[in-house]
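K.L.:
take this sequence and fold it.
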Amino acid sequence: MTGMLKRWMKLPMVGGVVAAGLALTAGRAFAAEGPTTAELGVVLDTLWLLVAGVLVFFMQAGFALVTAGSIRSKNTVNMMMKNLMDFCLAAIAFWMLGYGIAYGTTAGGLMGTDKFFLPNTPGEEAIPLMASWFFQVVFAGTAATIVAGAMAERTKFQGYLIYSFLITLIIYPVVVHWIWSGAGWLNDYNADTTTDWGFTDFAGSTVVHSVGGWAALMGALILGPRLGRFGPNARPMQGHNVSLLTLGVFILWFGWFGFNGGSQLFFKSQADANSIALAIVNTTLGGAAGAIGAMMFTWLVSKKPDAAATMNGVLAGLVAITAGCAYFEPISAIIVGVIGGVLYVLSVGWMEKAKIDDPVGAVPVHLVCGIWGTLAIGLFATSGNTGTAGLFVDGTFTLMIGQVVGIIAVGLWTCATCGAMFFALKTMGLLRVSKEEEETGLDIGEHGTAAYPEELPAGGKVWAPGAAD
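P.N.:
Numbers count the residues shown, from 1 in each chain. Reported below is the predicted structural model:
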């Protein structure tokens with residue numbers, strides 16, 4: 001019977017009739033039971049958002065490697081623990097209150113008032129609430145992670161846990177509501193446009209990176225420099241592993257495609273696809289241009305192409321391009337990235353002169369380049385994407401005024417709240433480790449172990465899973 005069926009199927013007419021019948025049957029089934037066009041659009045949007053969120057989550061590994069490679073080996077375990085735990089705390093804090101403050105029903109454009117503890121209800125959102133929360137929580141984790149680098153090698157682990165939790169619980173979500181909620185006072189898409197400032201930040205040069213950068217600056221100022229970092233007996237404190245730094249930069253760059261591309265949020269139309277493609281192309285160009293700018297500048301000044309500066313130049317370019325990645329022409333992305341790389345090198349020097357200790361360069365990368373990228377929208381943005389063109393496109397300052405107002409407002413909020421938080425932690429003795437712990441290393445002092453066995457004290461032992469105490 002099977003052989004006969006195969007022979008019949010070889011006949012063109014019979015095969016055509018069968019194929020047509022199967023196609024008709026499938027078409028009827030799809031029409032009766034398949035998703036509508038609107039439902040299919042929601043599926044595509046949700047899938048894109050979840051994939052992009054996973055890419056952004058992977059950036060946590062990149063941050064861990066960058067920060068660990070940029071500090072001394074005796075503090076490696078401590079830095080890895082902090083990078084792990086700040087996301088764990090961010091997830092819980094953003095589930096509790098953070099998402100509701102960011103995206104709940106607005107109270108005068110200042111903060112959200114519902115959606116706390118993430119109610120699992122279908123709602124009327126274009127994208128499922130659970131998918132939206134996941135994409136947003138990985139951004140919150142990024143903002144908290146930034147602070148770790150500037151305060152590395154002398155911050156108590158318990159103090160770090162407290163401030164990471166508070167940043168993602170309240171401080172960061174308020175800024176998100178102002179700018180991304182669609183109902184905030186800096187950018188209110190759902191109300192009369194005369195009531196808001198039209199502040200524009202596509203993927204977070206200010207919302208994520210500048211918030212993290214301002215917090216990092218306040219933490220470094222209140223915490224103070226590492227022992228021996230400045231003064232007449234200052235000694236070099238270079239990072240211990242360029243390989244970790246390099247791998248971390250590549251992972252961050254990879255995750256940044258989700259960071260910037262995913263910020264389009266939707267993927268069901270040709271316009272969405274065009275915006276995502278432009279954002280990813282500009283992310284590529286911005287990061288590359290940032291590395292070239294930092295490398296060439298250090299080469300001209302010191303006669304050597306500095307490796308660490310070049311690596312951080314990639315991140316500087318990526319931060320700078322984040323705000324306008326979907327609003328710039330590619331040539332503008334290259335200009336913004338190059339300037340970001342140069343600004344990073346210059347601002348490292350400014351930090352040195354001001355005697356502000358930032359072991360990883362978090363403030364130059366995330367704050368300085370975040371501000372630059374936000375201002376760049378007011379210069380280079382095209383009206384087709386933002387509704388209002390930048391100064392170099394239409395010759396008006398309208399967009400730039402909103403950008404300046406937003407930068408100042410976010411800076412004041414973050415500095416005031418983080419300054420009070422860090423001062424309180426310092427007053428309670430929860431911010432800085434003892435002199436002995438700092439000299440020995442936080443791996444031993446805070447965690448009783450070491451990333452490298454040779455750094456254990458005499459008679460010490462390496463911790464291993466299942467080992468007896």
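
K.L.:
need the three-state assignment for residue 449.
P.N.:
When classified by DSSP: H, G, I helix; E, B strand; the rest coil, residue 449 comes out as coil.

K.L.:
and it, how far from residue 456?
P.N.:
Between residue 449 and residue 456 the computed distance is 8 Å (Cβ to Cβ, to the nearest Å). The C-beta positions use only the backbone N, C-alpha and C, and glycine is treated the same way.

K.L.:
give me the contact list for stretch 171-181.
P.N.:
Contact with stretch 171-181 is made by 94, 97-104, 106, 109-112, 136, 140, 143-144, 183-187, 199, 201, 206-208, 211, 215, 406, 409-410, 413-414, 417-418, 421, as judged by Cβ atoms under 8 Å, 6 or more residues apart in numbering.

K.L.:
now do 6 Å
P.N.:
Outside stretch 171-181, the residues within contact range by Cβ atoms under 6 Å, 6 or more residues apart in numbering are 98, 101-103, 111-112, 140, 143, 184-187, 199, 201, 207, 211, 410, 417.

K.L.:
identify those among these that sit within strands.
P.N.:
Among the contacts of stretch 171-181, DSSP state E puts none in strands.

K.L.:
what's next to stretch 369-379, contact-wise?
P.N.:
By Cβ under 6 Å, 6+ apart, stretch 369-379 touches 200, 205-206, 209-210, 213, 316, 319-320, 322-324, 336, 340, 343, 390-392, 399-400, 403, 407.

K.L.:
I should have written stretch 329-344 there, sorry.
P.N.:
Judged by Cβ under 6 Å, 6+ apart, the contacts made with stretch 329-344 from elsewhere in the structure are 282, 285-286, 289-290, 293-294, 297, 312-313, 316-317, 320-321, 364-365, 368-369, 372, 376, 380.

K.L.:
could you pull out the helices for the stretch 351-469 of the chain?
P.N.:
Shown for the stretch 351-469 of the chain, the helices assigned by DSSP state H, counting those that start in this stretch span residues 362, 369-380, 383-386, 391-394, 398-427, 435-440, 442-447.

K.L.:
which of those helices comes out lowest on mean pLDDT?
P.N.:
Taking the average pLDDT of each of the helices of the stretch 351-469 of the chain, the minimum falls on helix 383-386, with a mean of 65.

K.L.:
go through the contacts of stretch 171-181 and flag which are in helices.
P.N.:
When helices are assigned by DSSP state H, the members of the contacts of stretch 171-181 inside them are 101-103, 140, 143, 211, 410, 417.

K.L.:
among those, which pair sits farthest apart?
P.N.:
Largest separation among the ones in helices among the contacts of stretch 171-181 by Cβ to Cβ: 103 and 417, giving 19.5 Å.

K.L.:
please tell me how far residue 185 sits from residue 412.
P.N.:
Applying Cβ to Cβ to residue 185 and residue 412 gives a distance of 14 Å.

K.L.:
what about the two, which has more around it?
P.N.:
Residue environment comparison for residue 185 versus residue 412 gives the larger neighbour count to residue 185, 18 against 11, counting by other Cβ atoms under 10 Å.

K.L.:
the stretch 201-350 of the chain: helices as residue ranges?
P.N.:
211-223, 242-261, 270-302, 307-322, 330-353.

K.L.:
same for the third one, what does it pack against?
P.N.:
The one in question is helix 270-302. In this structure, helix 270-302 packs against helix 242-261, helix 307-322, helix 330-353, with contacts taken as 3 or more Cβ pairs under 6 Å, 6 or more residues apart in numbering; DSSP states H and E.

K.L.:
now it: how far from the chain's centre is it?
P.N.:
Remark: helix 270-302 is offset 16 Å from the chain centroid, using Cα atoms, centre = their mean, to the nearest Å.

K.L.:
any chance of the helices of the stretch 351-469 of the chain in JSON lines, plus distance to residue 43?
P.N.:
As requested, those are exported to JSON lines (distance: least, Cβ to Cβ, whole Å):
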{"stretch": "helix 362", "distance to residue 43": "38"}
{"stretch": "helix 369-380", "distance to residue 43": "32"}
{"stretch": "helix 383-386", "distance to residue 43": "26"}
{"stretch": "helix 391-394", "distance to residue 43": "36"}
{"stretch": "helix 398-427", "distance to residue 43": "34"}
{"stretch": "helix 435-440", "distance to residue 43": "52"}
{"stretch": "helix 442-447", "distance to residue 43": "45"}
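
K.L.:
pick the most deeply packed of those.
P.N.:
When neighbours are counted by mean count of other Cβ atoms under 10 Å, the highest per-stretch mean among the helices of the stretch 351-469 of the chain falls to helix 362, a mean of 31.

K.L.:
so what touches that one?
P.N.:
Contacts made with helix 362 from outside it, assessed by Cβ under 6 Å, 6+ apart, are listed as 146, 149-150, 216.

K.L.:
if you set the cut-off to 8 Å instead, what comes out?
P.N.:
Taking Cβ under 8 Å, 6+ apart as the criterion, the residues outside helix 362 that touch it are 146-150, 212-213, 216.

K.L.:
flag every buried residue along stretch 353-366.
P.N.:
By neighbour count, with 16 or more other Cβ atoms under 10 Å as the criterion, the buried positions of stretch 353-366 are 356-366.

K.L.:
now residue 146. Nearest residue, chain neighbours left out?
P.N.:
The spatially closest residue to residue 146, leaving aside those adjacent along the chain, is residue 212, at 2.8 Å (Cβ to Cβ, 6 or more residues apart in numbering).

K.L.:
please tell me how far the one you found sits from residue 142.
P.N.:
From residue 212 to residue 142 the distance is 7 Å (Cβ to Cβ).

K.L.:
residue 183 too?
P.N.:
Looking at residue 183 against residue 142, where the rule is Cβ to Cβ, the gap reads 23 Å.

K.L.:
repeat for residue 363
P.N.:
Distance of residue 363 to residue 142, given as Cβ to Cβ: 16 Å.

K.L.:
same check, this time on residue 109
P.N.:
In this structure, residue 109 and residue 142 are separated by 24 Å, where distance is defined by Cβ to Cβ.

K.L.:
which one's more surrounded, these two?
P.N.:
With other Cβ under 10 Å as the criterion, residue 109 and residue 142 differ in neighbour count, and residue 142 comes out ahead with 28 against 17.

K.L.:
what sits against that one?
P.N.:
Neighbour list for residue 142: 56, 59-60, 63, 208, 212, 259 [criterion: Cβ under 8 Å, 6+ apart].

K.L.:
and if we set it to 7 Å?
P.N.:
Shown in contact with residue 142 (Cβ atoms under 7 Å, 6 or more residues apart in numbering): 56, 59, 208.

K.L.:
one more: residue 247?
P.N.:
By Cβ under 7 Å, 6+ apart, the contact list for residue 247 reads residue 65.

K.L.:
can you check residue 281 too?
P.N.:
Per Cβ under 7 Å, 6+ apart, neighbours of residue 281: residue 330.

K.L.:
could I get the pLDDT score of it?
P.N.:
Model confidence at residue 281 (pLDDT) stands at 98.

K.L.:
cool, and residue 124?
P.N.:
Per-residue confidence (pLDDT) for residue 124: 55.

K.L.:
and what of residue 198?
P.N.:
Reported pLDDT for residue 198: 87.
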